[in-house]
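A.B. asks: turn this into a model:
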Amino acid sequence: MADLADAGKALYEERLKLLPGLWMPSAPAWEDLPEEVKERWRSYAEGSDAGDSH
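C.D. replies: Residues are numbered from 1 along each chain as shown. Sure thing, here's the model as predicted:
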């Protein structure tokens, strides 16, 4: 589960870096996200490992 949590955080932080180039406001730090939002990012990371496109 730690690998999945790390993958979710890595994906979130990778996407976070793209926001300024898209003229989007900054997003909260991973540590400030509610647990349900972290779970959603973990599921996105899990899906991307399986070859799904999210």
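A.B. asks: low-scoring stretches of this structure, by residue?
C.D. replies: 1, 4, 49-54 (pLDDT under 70).
A.B. asks: which one in it is furthest away from the centre?
C.D. replies: Farthest-out residue of the chain from its mean C-alpha position, per C-alpha atoms, centre = their mean: residue 23, at 18.6 Å.
A.B. asks: contacting residues around that residue?
C.D. replies: Residues near residue 23 by C-beta atoms under 8 Å, 6 or more residues apart in numbering: none. All C-beta atoms are positioned from the backbone trio N, CA, C, and that covers glycine.
A.B. asks: start the count at 41, not 1, going forward
C.D. replies: That works, and once the first residue is 41, the last one we named lands at residue 63.
A.B. asks: over to it: give its phi and psi.
C.D. replies: phi 60, psi 40 (degrees, to the nearest 10).
A.B. asks: can you pull up the most central residue in this structure?
C.D. replies: Closest-to-mean residue, the chain, C-alpha atoms, centre = their mean: residue 52 / 2.3 Å.
A.B. asks: so which residues of this protein form helices?
C.D. replies: 42-56, 75-89 (DSSP state H).
A.B. asks: check which residues of the last one are buried.
C.D. replies: Just to be clear, that refers to helix 75-89. Residues 78, 81, 82, 84, 85, 86 are the ones in helix 75-89 that count as buried (16 or more other C-beta atoms under 10 Å).
A.B. asks: number of nearby residues for residue 56?
C.D. replies: 15 (other C-beta atoms under 10 Å).
A.B. asks: what residues are up against it?
C.D. replies: 66, 67.
A.B. asks: if I look at it, how far off is residue 79?
C.D. replies: Residue 56 sits at a distance of 17 Å from residue 79 (criterion: C-beta to C-beta, to the nearest Å).
A.B. asks: try residue 57
C.D. replies: In terms of C-beta to C-beta, residue 57 sits 22 Å off from residue 79.
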